[in-house]
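Asker: Next come a sequence and a model predicted from it.
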Amino acid sequence: MNRKLWVVIHRWLGLIMAGFLLIIGLTGSLLAFYPELEGWINPELYPTEQQGKPMMSLAQLALRAEQLQPQAMATRVQWGAIGSRAVYVAPKINPETNQLYSLPFNQIFINPYTGEQLGLRQFGAISQGMINFMPFIYRLHYELALSDFGMWALGIIALIWTLDCFIGLYLTFPAKSLSIKRQRIHTKKSWLARWKPAWLIRWHANAYKLNFDLHRSGGLWLWLILLTFAWSSVYMNLWDTVYTKATQSVMEYKAYWTEFKPVDDTTNSPHIGWLLAEQIAQNLMAEKATTQGFKVIRAVSLYYNKSLGVYDYRVRSSRDIQDHGGQTQLFIDANTGAFKLLLLPTGQYEGNTVTTWLFTLHMANILGLPYKVFVSVLGVAIVMLSITGVYIWLRKRISRSAVN
């Protein structure tokens, strides 16, 4: 391999990514504590759990949201990590104009004990104030707050990042000796012994050497987790294209976007209502738990996917690995109630198991507080790697300019 060529490629890929990784690292550092910060900033949206008191079911919350906001159609009810009950909504079609109603919100927060409306917000719209601070940070991290364009842009950056992880690792390997004298010295050392300096930091060296060591050594020590976050970012942004094709090429992997075809539905609601959909899904999930050998712990969400004509019922089960929430999914036809698909987070398909681990690690939703702290610090480390990389490039550029 031409090492000089890979140095140039690494340099320019790093410069392309630097600004994006600064944003990703800083926002990711906050998002490691998303539930805690969200609950602290907006306590009015998250009522305290009241042990022993009956709560409204997911379907009841969906119907309550539509009762509170008649121009809205419930699309998903989510049981959040801090006891929240958020109902996601979309505008209904106005029968008089055949146009969608205009809604300044897509989330309704409801007290699950009383049915009281606790708040409204358009997820991520920072113009609405601090109620959207953490959702805005999430959107900035996920899509640069630029919707589909930002999502695709960060997906491409994630692909570049994944590739550059391997290039950066290769460049830490000992270079072949250029002089006979150095070659004689290196032949007396093993390859690992010559690689050892790449793992060390010369804390008392000059600014350039210190930044170089922080960049090289920091990337080495964190290499595996950086690769994990880079590739999981591909999943989160290019899930239905690059990630799916790459995963299916090496292992069995199924997801709803690979199994269902879009449907053309112009109605405001499906034939199967929320209450019946929840009942059917609960019964089917119980049956599947018996036949597939897993235990249902609690319901997590119920989602009406209008574009695919299905209800997506999710629970936390014994197949889930995360600290909170759940990814055990069961799909039923929204018009007939017929069973469509069961997807288990682990133990069903290899590709799904790998994807669950990638997603859970990326979301800092495993191993409790220690891993949350680690992911938060990792965000700062990504910023450090970006800054030191740019600093090294600038110093070399200045030096070449001085020579010329």
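Answerer: That came through fine. Residues are numbered from 1 along each chain as shown.
Asker: show me the contacts for E350.
Answerer: E350 makes contact with 251-253, according to CB atoms under 8 Å, 6 or more residues apart in numbering. In short, each C-beta sits where N, CA and C put it, glycine included.
Asker: Go again with 7 Å.
Answerer: If you count contacts by CB atoms under 7 Å, 6 or more residues apart in numbering, E350 has them with 251-252.
Asker: what do you get for R139?
Answerer: 124, 145.
Asker: what about it, which SS state?
Answerer: helix (DSSP: H, G, I helix; E, B strand; the rest coil).
Asker: H271 is in contact with N335, isn't it?
Answerer: Yes: with contact defined as CB atoms under 7 Å, H271 reaches N335; the gap is 4.2 Å.
Asker: Show me what the lengthiest strand in the chain pairs with in its sheet, parallel or antiparallel.
Answerer: Counting by DSSP state E, the longest strand found in the chain is strand 296-305. For strand 296-305, the paired strands and their directions (DSSP bridges) are strand 72-79 (antiparallel), strand 310-317 (antiparallel).
Asker: Relative to T27, which of these is closest?
Answerer: Across the strands paired with strand 296-305, T27 has its closest neighbour in strand 72-79 (21.3 Å, CB to CB).
Asker: now whatever helix or strand comes next after that closest one against strand 296-305, angle please.
Answerer: Remark: after strand 72-79, the chain's next helix or strand is strand 85-91, criterion DSSP states H and E. Inter-element angle recorded for strand 85-91 and strand 296-305: 10 degrees (by axes from the mean of the first three to the mean of the last three CA atoms, to 10 degrees).
Asker: strand partners of the next helix or strand after strand 85-91, parallel vs antiparallel please.
Answerer: Once the chain leaves strand 85-91, the next helix or strand it forms, by DSSP H and E, is strand 93-94. Strand 93-94 has the following strand partners under DSSP bridges: strand 99-100 (antiparallel).
Asker: chain center to the partner strand, what's the gap?
Answerer: 32 Å (CA atoms, centre = their mean, to the nearest Å).
Asker: which helices and strands sit right next to the longest helix along the chain?
Answerer: For the chain, the longest helix by residue count, based on DSSP state H, is helix 368-403. Judged by 3 or more CB pairs under 7 Å, 6 or more residues apart in numbering; DSSP states H and E, helix 368-403 is in contact with helix 3-31, helix 207-221.
Asker: Can you give me the buried ones in that helix?
Answerer: 371-372, 375-376, 378-379, 381-392 (16 or more other CB atoms under 10 Å).
Asker: do stretch 332-342 as well
Answerer: 332-334, 337, 340, 342.
Asker: Any stretches of the stretch 201-350 of the chain with poor pLDDT?
Answerer: Scanning the stretch 201-350 of the chain for pLDDT under 70 picks out the ranges 265-268.
Asker: again, 90 this time
Answerer: 205, 240, 258, 261-271, 306-307 (pLDDT under 90).
Asker: how about the strands in it?
Answerer: 296-305, 310-317, 328-333, 339-343 (DSSP state E, counting those that start in this stretch).
Asker: that older thread, I'd like to know which of the helices and strands packed on helix 368-403 is closest to L144.
Answerer: helix 3-31 (7.0 Å).
Asker: what's the span of stretch 191-209 from first residue to last?
Answerer: 23 Å (CA to CA, to the nearest Å).
Asker: Not counting its own residues, what contacts it?
Answerer: 172-174, 186, 210, 213-214, 216-217, 220, 395.
Asker: Just the buried residues of it, please?
Answerer: In stretch 191-209, counting by 16+ other CB under 10 Å, buried: A198.
Asker: which residues touch the spatially most central residue of the chain?
Answerer: By CA atoms, centre = their mean, the chain has its centre lying nearest to M236, at 5.2 Å. Shown in contact with M236 (CB under 7 Å, 6+ apart): 142, 362.
Asker: and what of L330?
Answerer: Contacts of L330 (CB under 7 Å, 6+ apart): 281, 284-285, 288, 313, 342.
Asker: Output these in JSON lines; the columns should cover distance to R121.
Answerer: What follows is the contacts of L330, written out as JSON lines (distance: CB to CB, whole Å):
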{"residue": "A281", "distance to R121": "27"}
{"residue": "L284", "distance to R121": "33"}
{"residue": "M285", "distance to R121": "30"}
{"residue": "K288", "distance to R121": "35"}
{"residue": "Y313", "distance to R121": "25"}
{"residue": "L342", "distance to R121": "33"}
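Asker: Most neighbours of all those, which one?
Answerer: A281 (25 neighbours; other CB atoms under 10 Å).
Asker: Just give the number of residues close to the nearest residue to I126 once chain neighbours are set aside.
Answerer: Among residues not flanking I126 along the chain, F136 sits closest, at 4.2 Å (CB to CB, 6 or more residues apart in numbering). Residues lying near F136 (other CB under 10 Å) number 19.
Asker: Quick check: pLDDT value at F136.
Answerer: F136 is assigned 97 on the pLDDT scale.
Asker: Now render the strands of the stretch 201-350 of the chain as a markdown table, adding distance to S190.
Answerer: Listed next are those as a markdown table, based on distance: least, CB to CB, whole Å:
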| stretch | distance to S190 |
| --- | --- |
| strand 296-305 | 51 |
| strand 310-317 | 49 |
| strand 328-333 | 49 |
| strand 339-343 | 48 |
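Asker: just to revisit the earlier point, the residue nearest to I126 and Q122: what is the separation?
Answerer: Noted for F136: a distance of 10 Å to Q122, by CB to CB, to the nearest Å.
Asker: next one: Y170
Answerer: 45 Å.
Asker: So the two - more neighbours on which side?
Answerer: Q122 (16 against 12).
Asker: is it true that the more buried one touches Q128?
Answerer: Yes: Q122 is within contact range of Q128, at 6.3 Å (criterion: CB under 7 Å).
Asker: Quick check: neighbours shared by these two?
Answerer: With CB under 7 Å, 6+ apart, Q122 and Q128 have no common neighbours.
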